[in-house]
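# Everything below, folded, please.
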Amino acid sequence: MEEKKISVIIPVYNTEQYLKRCLDSIKENTYQYLEIICINDGSTDNSLEILEQYQKDDSRFIIIDQKNSGVSKARNNGLEKATGDYIAFIDSDDWINPKYFEKLIRCAEENNAELVICHYREYEKFCKQKEIEDEIKISNIKAEQFFGQSVSSWMRAYVWGKLYSKEIIKEKKFATDLSVMEDNLFNIDVVAASLHGKITIIKQPLYYRINREESLSKSLDGEEWIDLSITFVEKVLNIVDNTNEASKKFLLYESFKKSLRLRYHVMFYPKGSKVKKLASNVLEKIYLKIKELNNITWKEKIYYYLLLKMPIIYRMYLISSDKSILEWEKRKKMRQKEQ
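Numbers count the residues shown, from 1 in each chain. Next up is the predicted model:
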């Protein structure tokens, strides 16, 4: 088999505490035909100095130094520089199994897969990962099944733990106006453009993460999160028309559910507020697209119409599944009175 090059794209921002472990796990991987593109996103710690030392010792390391512009811009700059047959994204505070690339590229080549996904393992702190058996356990799915119940939601949500063929990515870019959910949107965009392709899933945890408290999504305030969520849903709607009926139905249903939750969250905002209007508009837009589906039953149409027109139904569903919602509502009302 002709050896194929993998471009490894690593955005780096102030991760000096974890960076060496990440880079060592890549450098020492059994598959060596790599170009390792590290994008320093304006780090203010010693991350850049660490990268420069690795570049000095190993010519496979390429450094892009940019002013702080966010992870999406960093990854896009990495994609522009990439010359490999395959693309892998790794976060600079994560690390990988010694046979990570060897197993992923073997699965890609043997199964003619455009995307290979492996399972991951999350740790609470620094520790040695468990040994993984050599035998590879896989399942193959059609790309269109990526938008369905056969794929866990986390597989759609992140770009790490995956190997993309250069063909499937083509000219795709990360949305730079999203600071959360940008991975999810990228995966939807990439796979929607290649629905006749094949995806291989490795049922082994070959990618390792530390559960860190300080994630961006946790630090966003309510209104900012709602704004970004609406932007995400609208971008998904722009992609939907390029998919087949089954994928379109799944994406619209998922977008509708997300938008119902958004509308519920803005329920206590002042009447006529911008986010309240946006949340209602995007829900209406999704419903109109659902109504036009060829593979929708009249019962489903009624179901979604009632959810659209009667917010109380969704609220009752939430309360029945989680009584703490009532406490959340009480706190929300009190905050609104204080403002």
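
# contacts for stretch 186-196?
Stretch 186-196 is contacted from outside by 114-115, 142-144, 146-147, 156-159, 164, 167-170, 172, 174-175, 197, 199, 236, 239-240, 242-244, 247, 251, using C-beta atoms under 8 Å, 6 or more residues apart in numbering. Heads up, the C-betas are built off the backbone N, CA and C, glycines and all.

# repeat for stretch 280-293
Counting by C-beta under 8 Å, 6+ apart, 230, 233-234, 237, 240, 245, 248-249, 252-253, 255-256, 259-260, 262-263, 296, 300-301, 304-305, 308 sit against stretch 280-293.

# Go through those and flag which are in helices.
230, 233-234, 237, 240, 245, 248-249, 252-253, 255-256, 259-260, 262-263, 300-301, 304-305, 308 (DSSP state H).

# Filter the residues you listed down to the buried ones and express that as a ChimeraX selection.
The ChimeraX selection below is limited to those of the ones in helices among the contacts of stretch 280-293 classed as buried (16 or more other C-beta atoms under 10 Å):
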select :230,233,234,237,240,248,249,252,253,255,256,259,260,262,263,304,308
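
# Contacts for stretch 13-23 next, please.
For stretch 13-23, using C-beta under 8 Å, 6+ apart, the contacting residues are 10, 12, 36, 38, 40-47, 50-51, 54, 61, 68, 71, 74, 90-95, 126, 210.

# Any quick ChimeraX command for the buried ones out of those?
In ChimeraX, a selection of the buried entries from the contacts of stretch 13-23 looks like this (16+ other C-beta under 10 Å):
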select :10,12,36,38,40,41,42,43,47,50,51,54,61,71,74,90,91,92,93,94,95,210
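
# In strands, which of the contacts of stretch 13-23 fall?
10, 12, 36, 38, 40, 41, 61, 95, 210 (DSSP state E).

# Between the residues you listed, which has the least confident prediction?
Least confident entry in those, by pLDDT: residue 210, with 84.

# So residue 208, which state does it fall into?
Of the three states, residue 208 takes strand according to DSSP: H, G, I helix; E, B strand; the rest coil.

# Touching, it and residue 100? I think so.
No. Taking contacts as C-beta atoms under 8 Å, residue 208 lies outside contact range of residue 100: 9.4 Å.

# Between those two, point out the one with more neighbours.
Between residue 208 and residue 100, residue 100 has the larger neighbour count (other C-beta atoms under 10 Å), namely 26 against 22.

# Now, the contacts of stretch 186-196 that are in helices?
Short answer: these in helices (DSSP H) are 156, 157, 167, 168, 169, 236, 239, 240, 247, 251.

# Going by distance to residue 120, which of the residues you listed wins?
residue 157 (11.4 Å; C-beta to C-beta).

# Report the separation between that closest one and residue 4.
For residue 157, the distance to residue 4 (C-beta to C-beta, to the nearest Å) stands at 27 Å.

# Who has more neighbours out of these two?
residue 4 (15 against 11).

# so which strand or helix has the closest residue to residue 305 other than its chain neighbours?
Excluding the flanking residues, the one nearest residue 305 by C-beta to C-beta, 6 or more residues apart in numbering is residue 287, at 7.2 Å. Residue 287 belongs to helix 274-291 when assigned by DSSP states H and E.

# now do residue 269
For residue 269, there is no host helix or strand (DSSP H and E).

# burial count for it?
18.

# so it touches residue 263, yeah?
No. Taking contacts as C-beta under 8 Å, residue 269 lies outside contact range of residue 263: 10.4 Å.

# By pLDDT, give me the weakest of the ones in helices among the contacts of stretch 186-196.
residue 247 (86).

# I'd say it and residue 147 touch.
Yes. Using C-beta under 8 Å, residue 247 is in contact with residue 147, at 4.2 Å.

# ok, those two, which is more surrounded?
Higher neighbour count among residue 247 and residue 147: residue 147, with 25 against 22, using other C-beta under 10 Å.

# residue contacts, that one?
Counted by C-beta under 8 Å, 6+ apart, residue 147 has contacts 156, 188, 191, 192, 243, 246, 247, 250, 251.

# What about these, which one has the most neighbours?
Within these, most neighbours by other C-beta under 10 Å means residue 191, with 25 neighbours.

# Narrow the contacts of stretch 186-196 to just the buried residues.
114-115, 143-144, 146-147, 156, 158-159, 164, 168-169, 174-175, 197, 199, 236, 239-240, 243, 247, 251.

# ok, residue 162 touching residue 90?
No. At 10.1 Å, residue 162 and residue 90 do not qualify as touching, with contact defined as C-beta under 8 Å.

# Quick one: low-confidence residue ranges for the stretch 151-300 of the chain.
Where the stretch 151-300 of the chain drops to pLDDT under 70, the residues are 212-222.

# Now do stretch 17-25: distance to the chain's middle.
22 Å (C-alpha atoms, centre = their mean, to the nearest Å).

# What mean pLDDT does it get?
Per-residue scores along stretch 17-25 average to 97.

# Please apply the same query to stretch 306-326.
The predicted model gives stretch 306-326 an average pLDDT of 84.

# Just the buried residues of that stretch, please?
Buried residues in stretch 306-326 (16+ other C-beta under 10 Å): 307, 308, 314, 315, 318.

# of all these, which two lie farthest apart?
Farthest pair in the buried residues of stretch 306-326, by C-beta to C-beta: 308 and 318, 16.2 Å.
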